[in-house]
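Trainee: whatever this is, show me its structure:
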Amino acid sequence: MASPTQPIESTSEVPHNMVPYLKKAYDMLEPAVAEFLANSDVDWVIQDVMSFWLPQVARRLGVKSAFFSIFNASTLVFCGPPSLLIDGQARAKTAEDFTFVPEWITYPTKVAFRLHEVINEEDFVDSDSNMSVFERYSKSVQGCEIVAVRTCSEFEAEPLSLLKKLHARPVAPMGLLPPQNKSRHEGDWRWSELKQWLDDKEEKSVFYVALGTEVALSQEFMHELACGIEKSGLPFVWVASRKAGPGIIPSGFESRVSGRGFVWVGWAPQLDILAHPSVGGFLTHCGWSSVIEALGQGRALILFSGGTSDQGLVARLMDERRVGSEVPRDARDGSFTSDSVAETIRRVMVDPEGEELRANAWAMREIFGNVELQVQYLEEFNQALEKGRALS
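Mentor: As a prediction, this is how the structure comes out:
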């Protein structure tokens with residue numbers, strides 16, 4: 001798929017309403033992938049949720065398939081058994097059905113969507129192709145030999161156990177796949193400037209703000225968020241996406257927070273920022289990758305769901321695990337007040353009532369930051385693939 005000026009390769013490069021066309025273009029890869037597999041000595045293919053057609057192609061050619069989920073086990077459990085997802089109406093007749101904990105979840109939890117996170121979510125029902133993301137997911141799972149999930153038993157033992165029953169096939173935690181920070185920034189004057197700024201701040205006194213590459217808040221919401229950040233009275237680093245467009249940062253904001261706040265527009269070295277000793281918290285859109293990076297450094301979370309994909313579920317899960325606190329928002333339209341933003345920031349960062357959150361998040365380094373543990377999961381998954389090849 002390409003625009004007149006450049007190729008399009010991921011959802012981060014297109015407006016949300018254009019994603020169905022990207023999926024259609026991706027589905028057109030089926031013949032080329034089939035030809036590749038037919039002329040290779042591949043034993044396994046590892047796929048994600050979009051290539052629902054791949055297991056059938058692979059099986060026809062004598063190749064085994066593994067479904068890899070970038071989402072955690074709690075999210076997959078919330079989705080439900082694949083047999084139920086083939087018929088979208090069986091899983092949910094209305095958007096409100098996604099705002100309740102489903103009956104098949106047997107352990108205590110409050111993880112569910114808020115209405116504003118699903119009511120306009122085209123990904124759940126793709127009218128252009130008549131193929132919802134749930135149907136793609138169910139076909140992918142039903143066609144594969146093994147399901148691999150980006151999580152670990154130390155954090156999601158109950159969801160993993162239930163997932164094996166729901167999927168009726170082997171489920172392998174692949175570990176959290178924490179990124180290794182091997183970046184080098186010699187000659188990068190922007191990072192040098194930010195590092196010097198952070199070096200001058202007290203330990204764990206700064207909160208970091210980043211809403212990911214695909215979250216697009218309205219200007220009204222962004223200005224309200226900025227006002228809350230300002231009202232918190234605490235030092236911060238705010239990385240704003242260029243995709244947000246001009247005017248997204250309120251006029252005069254940077255001058256009013258001069259010395260206390262550092263605004264960075266464009267891509268930033270997130271791992272370096274989170275790893276800096278002066279950073280104590282993270283105001284996040286609740287993408288699973290960002291949460292993994294933050295808890296790997298023991299940073300407490302100020303949870304502000306971006307409202308797409310699994311982010312709402314991740315926000316509820318982190319709030320439930322007491323490693324952060326969620327900014328209160330209207331369930332229907334997602335609105336919030338600057339006062340609630342400021343109060344949540346202060347609770348997570350400095351208030352006595354947030355001491356438990358900070359301690360819990362710091363303790364998570366033993367899981368999320370344990371590279372040896374996470375590598376062990378990868379090795380066990382590789383052994384499972386080797387065993388599967390030997391049996392074929």
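
Trainee: beta-bridge partners for V171, please?
Mentor: With DSSP bridges applied, V171 shows beta-bridge pairing to V147.

Trainee: residues touching it, list them.
Mentor: Neighbour list for V171: A73, I146, V147, A148, V149, L160, L163, K164 [criterion: CB atoms under 8 Å, 6 or more residues apart in numbering]. Yep, even glycine has a C-beta here, placed from its N, CA and C like the rest.

Trainee: doesn't P173 make contact with the second one?
Mentor: Read it as I146. No. Between I146 and P173 there is no contact under CB atoms under 8 Å: 11.5 Å.

Trainee: of the two, who's got more company?
Mentor: P173 (25 against 20; other CB atoms under 10 Å).

Trainee: pLDDT on stretch 28-35, on average?
Mentor: Averaging pLDDT along stretch 28-35 yields 96.

Trainee: go on, stretch 328-340?
Mentor: pLDDT averaged over stretch 328-340 gives 97.

Trainee: and what of stretch 131-147?
Mentor: 91.

Trainee: again with stretch 74-83
Mentor: Per-residue pLDDT over stretch 74-83 has a mean of 95.

Trainee: distance from the chain centre to that stretch, please.
Mentor: Put simply, stretch 74-83 sits 16 Å off its chain's centre (CA atoms, centre = their mean, to the nearest Å).

Trainee: how far does it stretch from one end to the other?
Mentor: One end of stretch 74-83 to the other measures 18 Å (CA to CA, to the nearest Å).

Trainee: buried sites along it?
Mentor: Residues of stretch 74-83 classed as buried by neighbour count (16 or more other CB atoms under 10 Å): S74, T75, L76, V77, F78, C79, G80, P81, P82.

Trainee: please apply the same query to stretch 44-56.
Mentor: Buried, per 16+ other CB under 10 Å, within stretch 44-56: W44, V45, I46, Q47, V49, M50, S51, F52, W53, L54, P55.

Trainee: same list (those) but as TSV, adding secondary structure.
Mentor: Below are the buried residues of stretch 44-56 laid out as TSV (DSSP: H, G, I helix; E, B strand; the rest coil):
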residue	secondary structure
W44	strand
V45	strand
I46	strand
Q47	strand
V49	coil
M50	coil
S51	coil
F52	coil
W53	coil
L54	helix
P55	helix
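
Trainee: output these as TSV; include the columns distance to C286 and pLDDT.
Mentor: Formatted as TSV, those follow (distance: CB to CB, whole Å; pLDDT from 0 to 100):
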residue	distance to C286	pLDDT
W44	32	96
V45	30	97
I46	26	97
Q47	25	96
V49	19	90
M50	22	90
S51	26	93
F52	26	94
W53	30	96
L54	29	97
P55	30	96
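
Trainee: out of these, which comes closest to D272?
Mentor: I46 (29.8 Å; CB to CB).

Trainee: including distance to A268, could the contacts of V171 go into CSV?
Mentor: Shown next, in CSV, are the contacts of V171 (distance: CB to CB, whole Å):
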residue, distance to A268
A73, 30
I146, 36
V147, 34
A148, 30
V149, 29
L160, 33
L163, 34
K164, 39
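
Trainee: quick check on those: which are buried?
Mentor: With burial judged by 16+ other CB under 10 Å, the buried subset of these is A73, I146, V147, A148, V149, L160, L163.

Trainee: any low-confidence regions in the stretch 201-350 of the chain?
Mentor: 243-246 (pLDDT under 70).

Trainee: for stretch 17-37, C-alpha coordinates in PDB please.
Mentor: The C-alpha trace of stretch 17-37 is given here as PDB (Å, rounded to 0.1, in the frame of the first residue of the first chain):
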ATOM      1  CA  ASN A  17     -10.100   5.500   9.500                       C
ATOM      2  CA  MET A  18      -7.700   4.300   6.900                       C
ATOM      3  CA  VAL A  19      -6.500   1.200   8.800                       C
ATOM      4  CA  PRO A  20      -9.000  -1.100   7.100                       C
ATOM      5  CA  TYR A  21      -7.400  -0.400   3.700                       C
ATOM      6  CA  LEU A  22      -4.000  -1.200   5.200                       C
ATOM      7  CA  LYS A  23      -5.400  -4.600   6.300                       C
ATOM      8  CA  LYS A  24      -6.800  -5.200   2.800                       C
ATOM      9  CA  ALA A  25      -3.400  -4.500   1.300                       C
ATOM     10  CA  TYR A  26      -1.800  -6.900   3.900                       C
ATOM     11  CA  ASP A  27      -4.200  -9.700   3.000                       C
ATOM     12  CA  MET A  28      -3.100  -9.400  -0.600                       C
ATOM     13  CA  LEU A  29       0.300 -10.700   0.500                       C
ATOM     14  CA  GLU A  30      -1.200 -14.300   0.900                       C
ATOM     15  CA  PRO A  31      -0.100 -15.600  -2.600                       C
ATOM     16  CA  ALA A  32       3.400 -14.200  -2.200                       C
ATOM     17  CA  VAL A  33       3.800 -15.700   1.200                       C
ATOM     18  CA  ALA A  34       2.500 -19.000   0.000                       C
ATOM     19  CA  GLU A  35       5.000 -19.100  -2.800                       C
ATOM     20  CA  PHE A  36       7.800 -18.200  -0.400                       C
ATOM     21  CA  LEU A  37       6.900 -21.100   2.000                       C
END
